[in-house]
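Asks: Got a predicted structure plus its sequence, pasted below:
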Amino acid sequence: MNGTVLLIGASRGLGYAIAAEYIARGAQVVGTVRGPARTMLHDLQETVGGRLEIEHVDIDAPEQVQSLHDRLGTRSFDLLFVNAGVTNRPEETTADVTTEEFTRLMVTNALSPMRVIETLGELVVPDGTIAIMSSGQGKTDLGGPSARLTISESIPNLVTTIDAQRGHAGLQYLDYLGQTVAW
């Protein structure tokens, strides 16, 4: 893909790998990080000759999402990819999760991504793609060592699947190989 990607949640793990894959395929990437700390994405930025810009946003803060929109408002993107997300500790059971923790997970992983799409979706070109993915399914800090797939097994296929959706309207629930996932 030689285009422009706005990748929400690119500081580490799958998001970082997605940013690196799109850059390797020739795309210009704007990747977001949540806080002010230096991340792996900053290290990548130093090696890719200006093809990666870093923006800061906490998707749980609607005013920060709006501020990001205002900063990028004159630009357009071929892909808006929302990857940001959180998880609880892997050893926790449903009985262990407090109502507050459940609320935090649902806000960050469900409500906030939809708000991001509502606020930033207008920056996507008419035949562009808007994608949301579930984090934590790869062997990353979030997914843990027992996750089913490594980043090198999943990300190239995932990016190919997303790119194949360009110009196709409608909501689809696809896996990293482009296969429809039954609800």
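Replies: That came through fine.
Asks: what's the distance between stretch 104-114 and the middle of its chain?
Replies: 13 Å (C-alpha atoms, centre = their mean, to the nearest Å).
Asks: quick one: contacts of it?
Replies: 8, 59-60, 65, 82, 84-88, 97, 132, 134-135 (C-beta atoms under 8 Å, 6 or more residues apart in numbering). Just so you know, the C-beta spots here come from the backbone N, C-alpha and C atoms, and that holds for glycine as well.
Asks: please redo it, this time with the cut-off set to 6 Å
Replies: In this structure, residues lying in contact with stretch 104-114 by C-beta atoms under 6 Å, 6 or more residues apart in numbering are Ile59, Asp60, Val82, Gly85, Val86, Ile132.
Asks: For this protein, give me the ranges with low pLDDT.
Replies: Confidence mapping of the chain against pLDDT under 70 gives the ranges 1, 133-147, 183.
Asks: now the helices: where do they sit in it?
Replies: 13-24, 40-45, 62-72, 99-106, 112-120, 151-164 (DSSP state H).
Asks: a markdown table for the contacts of stretch 104-114, including neighbour count and distance to Ala164?
Replies: Formatted as a markdown table, the contacts of stretch 104-114 follow (neighbours: other C-beta atoms under 10 Å; distance: C-beta to C-beta, whole Å):
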| residue | neighbour count | distance to Ala164 |
| --- | --- | --- |
| Ile59 | 24 | 26 |
| Asp60 | 16 | 31 |
| Val82 | 25 | 18 |
| Gly85 | 23 | 23 |
| Val86 | 17 | 29 |
| Ile132 | 19 | 16 |
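Asks: What is the most widely separated pair among those?
Replies: Largest separation among the contacts of stretch 104-114 by C-beta to C-beta: Asp60 and Ile132, giving 15.4 Å.
Asks: hang on, the earlier thing: okay, the helices of the chain, which one's buried deepest?
Replies: helix 13-24 (a mean of 24; mean count of other C-beta atoms under 10 Å).
Asks: and the angle for it with helix 151-164?
Replies: 60 degrees (axes from the mean of the first three to the mean of the last three C-alpha atoms, to 10 degrees).
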